[in-house]
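Asks: Just need the structure, nothing else, for what follows:
(4 chains)
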2 protein chains.
Amino acid sequence: MPEQTSKSLILQQFIPYRMVNTAKRISDNLSKIYVSEHFGVTIPEWRILARLAEDERLNSRDIGRITMMDKSKVSRGVKLLDGKGLLIKEKDEQDHRVTYLSLSEAGCRLYHELAPRALEWESRLIRVLDTSEYRDLMRILEKLDKQLDSMES
Amino acid sequence: MPEQTSKSLILQQFIPYRMVNTAKRISDNLSKIYVSEHFGVTIPEWRILARLAEDERLNSRDIGRITMMDKSKVSRGVKLLDGKGLLIKEKDEQDHRVTYLSLSEAGCRLYHELAPRALEWESRLIRVLDTSEYRDLMRILEKLDKQLDSMES
DNA sequence: TATTATTGGTTTCACTTGAAACTAAATACA
DNA sequence: TGTATTTAGTTTCAAGTGAAACCAATAATA
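Replies: Residues are numbered from 1 along each chain as shown, chains lettered A, B, ... in the order given. Next up, the predicted model:
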């Protein structure tokens, strides 16, 4: 009987480890753009901003669902953005629990300052991938996401 | 003059966003195995454990450098593992600042309980990728890491 | 219509995190 | 030598996090 049947775990070849490490580096580096670099926006704020730039009049719940942030995070992000006058809030007339959020003038302006820099940073990052690799990565991420859906349920 | 030259940012197609989201889901799900599932090991502890299983007699600094954890995290992880009797510590005779760490009997045993489950979880995750996609992903992660190295400097 | 369950959103609380300060030891250099 | 710098590792502190409790409003059901 072999004393150690299992294929051994080598951290450098362990997908979860690699993905998490690389993603953290990406997040840390990119976030420097909006967090420090004179914009003073947190990551949750940035996500909400970006999401509202794509779709007007979302409520917190929608934003949470779409961006995979739990409701506390969204709530705090919204509070911060609102405090800076970057949002427009509209209470739903029918359902008084929900508030629709959109970007104010200032919110739009900030977004249009930030987005090009974020895109520029991304393009510098993925410059090392050729077009097929870029498509591969997207497809792989989609597949992994789908698999996670099924593993979570 | 065009009023909006920049390619617009769509969150779902923005690599940093996608990578960070997927990696977080992976981390959250996998960590359930060792955090809760009757092992009670934190993520930093697990990383140190796994790393020491691969290489004996590392000091905290080495572990930090290799696993990309800052020294506070390593320090706390080591303290926890040591408190459970999972480590062997040896002070360097020449340099009294450094302590070499190895797995104790119990540490080895715990590792050999955990590793197969982690690998099993990984294999369930990547089951959706065909062999070429698996290789693609590894190569892409390597390229991104290398690019991050150069962007950070 | 009263009662119960559900939902959108906020807040609390215990825990984790990383930057910075710190300690102790070793090294460099005057 | 002695003084300044660097390094291994710990601790402190302020901030961020998510689970759970909570509040108010709506929907479901008796």
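
Asks: Confirm for me that A:Leu103 is in contact with A:Leu86.
Replies: Yes: A:Leu103 lies in contact with A:Leu86 (CB atoms under 8 Å); the separation is 6.6 Å. From N, CA and C alone the C-beta is placed, and that goes for glycine too.

Asks: Find the nearest non-adjacent residue to A:Gly64, please.
Replies: For A:Gly64, ignoring the flanking residues on the chain, the nearest one in space by CB to CB, 6 or more residues apart in numbering or on different chains is A:Val74 at 4.5 Å.

Asks: burial of that neighbour, as a residue count?
Replies: 23 (other CB atoms under 10 Å in any protein chain shown).

Asks: now the helices for chain A?
Replies: Listed in chain order, the helices of chain A (DSSP state H) span A:15-35, A:43-54, A:60-67, A:71-83, A:105-126, A:131-152.

Asks: Point out the most buried one among the ones you listed.
Replies: Stretch with highest mean neighbour count among the helices of chain A: helix A:43-54 (a mean of 22; mean count of other CB atoms under 10 Å in any protein chain shown).

Asks: need the contact list for A:Gln147.
Replies: B:Arg124, B:Leu125, B:Arg127, B:Val128 (CB atoms under 8 Å, 6 or more residues apart in numbering or on different chains).

Asks: Could I get the pLDDT score of the residue in chain A that chain B sits nearest to?
Replies: Nearest residue of chain A to chain B, counting by CB to the nearest CB: A:Ala23, 3.4 Å away. On pLDDT, A:Ala23 comes in at 98.

Asks: That one contacts B:Lys24, doesn't it?
Replies: Yes: using CB under 8 Å, A:Ala23 is in contact with B:Lys24, at 7.4 Å.

Asks: Which residues are in contact with A:Tyr100?
Replies: A:Arg57, A:Leu58, A:Asn59, A:Lys89, A:Glu90, A:Lys91, A:Asp92.

Asks: what would these look like in TSV with neighbour count and distance to A:Glu37?
Replies: TSV is the format used below for the contacts of A:Tyr100 (neighbours: other CB atoms under 10 Å in any protein chain shown; distance: CB to CB, whole Å):
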residue	neighbour count	distance to A:Glu37
A:Arg57	12	29
A:Leu58	19	27
A:Asn59	19	30
A:Lys89	12	28
A:Glu90	12	31
A:Lys91	11	35
A:Asp92	12	36
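
Asks: These also near DNA strand C: which ones?
Replies: Counting by CB under 7 Å from any atom of the strand, A:Asn59 from those sit close to DNA strand C.

Asks: A:Ile33 and A:Glu90: what is the separation?
Replies: 30 Å (CB to CB, to the nearest Å).

Asks: so what's A:Tyr134 closest to, chain neighbours aside?
Replies: In space, A:Tyr134 is closest to A:Ile126, 6.0 Å off (CB to CB, 6+ apart).

Asks: DNA strand D versus the one you found, what's the distance?
Replies: 24 Å (CB to the nearest atom of the strand, to the nearest Å).

Asks: got the contact list for the residue minimising distance to the centre of chain A?
Replies: Taking CA atoms, centre = their mean, the centroid of chain A lies closest to A:Arg47, which sits 5.3 Å from it. Applying CB under 8 Å, 6+ apart to A:Arg47 gives the contacts A:Ile63, A:Thr67, A:Met69, A:Gly77, B:Leu11, B:Tyr17.

Asks: same thing but 6 Å
Replies: A:Thr67 (CB atoms under 6 Å, 6 or more residues apart in numbering or on different chains).
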